[in-house]
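Q: 3D, please:
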Amino acid sequence: MASPAAVRSAAVKVDWTRIITSLSLKGSTVSQLQAFKKRNEEARRKVNLLHDQPTEVDFSQYRAILKNQAVVDEIERAYKAFKPVTYDVSKQIKTIENFEAEAVKNAENTKASVDAELADLAATLKNIEESRPLEDLTIDDVANAAPEIDKRTEQMVARGRWQVPGYKEKFGDFSLM
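A: Below is the predicted model of the structure:
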């Protein structure tokens with residue numbers, strides 16, 4: 001296991017913004033990571049405050065200053081008898097492990113969706129690169145590629161409509177006047 005000093009120095013060096021941007025995290029993963037970062041910084045701040053406080057009490061100094069020596073003796077006995085309470089932090093560690101597992105799961109889901117999108121884009125790009133030039137296409141090629149165009153044209157002809165809605169607005173009016 002790493003020493004506490006090594007863990008502290010590693011925790012200080014974490015670039016949270018870079019983690020979020022480099023992994024392209026979004027949504028709840030980002031908010032949970034930011035909440036974790038805030039808790040981490042608050043815990044480190046509290047540890048530093050406690051670390052800077054003196055840990056030894058100089059009872060001889062109080063005996064020299066105070067007239068009532070019995071009070072100093074009673075406080076010293078209570079101080080020496082004091083045993084700090086130990087807490088079971090396994091629940092907090094379990095919570096952190098669950099958070100890490102959820103973050104990893106979210107990252108894997110994000111990676112999977114990005115990989116699927118990249119594969120789809122690569123297939124589309126390959127299709128575009130391998131397609132024939134537009135001027136080489138025939139009406140039959142277009143009808144085979146998109147049969148719905150042929151069906152729509154048949155419906156329009158059957159109804160006596162000869163113009164495509166929006167065509168004039170987009171391409172102009174080329175009718176003979």
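
Q: Might one say that Val114 is in contact with Ser24?
A: Yes - in terms of C-beta atoms under 8 Å, Val114 counts as a neighbour of Ser24; the distance is 7.0 Å. (Each C-beta comes from the backbone N, C-alpha and C, glycine too.)

Q: which stretches of this protein have low pLDDT?
A: Along the chain, the parts satisfying pLDDT under 70 run over 1-12, 162, 174-177.

Q: Repeat the analysis, applying 80 as the threshold.
A: 1-26, 52-55, 132, 134, 160-168, 171-177 (pLDDT under 80).

Q: so where do the helices sit in the protein?
A: 4-13, 16-22, 27-52, 59-65, 69-81, 90-130, 139-145, 147-158, 167-171 (DSSP state H).

Q: For the second one, which helices and strands make contact with it?
A: Contacting helix 16-22 under the criterion 3 or more C-beta pairs under 8 Å, 6 or more residues apart in numbering; DSSP states H and E are the following elements: helix 27-52.

Q: What residues sit buried inside the helix it packs on?
A: Residues of helix 27-52 classed as buried: Thr29, Leu33 (neighbour count, 16 or more other C-beta atoms under 10 Å).

Q: centre of the chain versus it, how much separation?
A: Centroid separation between helix 27-52 and its chain, computed with C-alpha atoms, centre = their mean, to the nearest Å, is 16 Å.

Q: Then stretch 69-82?
A: 52 Å.

Q: cool, stretch 154-169 as well?
A: On C-alpha atoms, centre = their mean, the centre of stretch 154-169 falls 50 Å from the chain's centre.

Q: Show the end-to-end separation of it, please.
A: End-to-end distance of stretch 154-169: 23 Å, with C-alpha to C-alpha, to the nearest Å as the criterion.

Q: List the contacts of it.
A: Residues outside stretch 154-169 that contact it (C-beta atoms under 8 Å, 6 or more residues apart in numbering): none.

Q: and what of stretch 94-111?
A: Here stretch 94-111 has contacts from Leu23, Ser24, Leu25, Lys26, Ser28, Thr29, Gln32, Leu33, Phe36, using C-beta under 8 Å, 6+ apart.

Q: buried stuff in that stretch?
A: Of the residues in stretch 94-111, those buried (16+ other C-beta under 10 Å) are Ala103, Asn106, Thr110.

Q: separation between the last one and Ala103?
A: Here the criterion is C-beta to C-beta, to the nearest Å. By it, Thr110 lies 10 Å from Ala103.

Q: I'm done for today, thanks for sticking with me.
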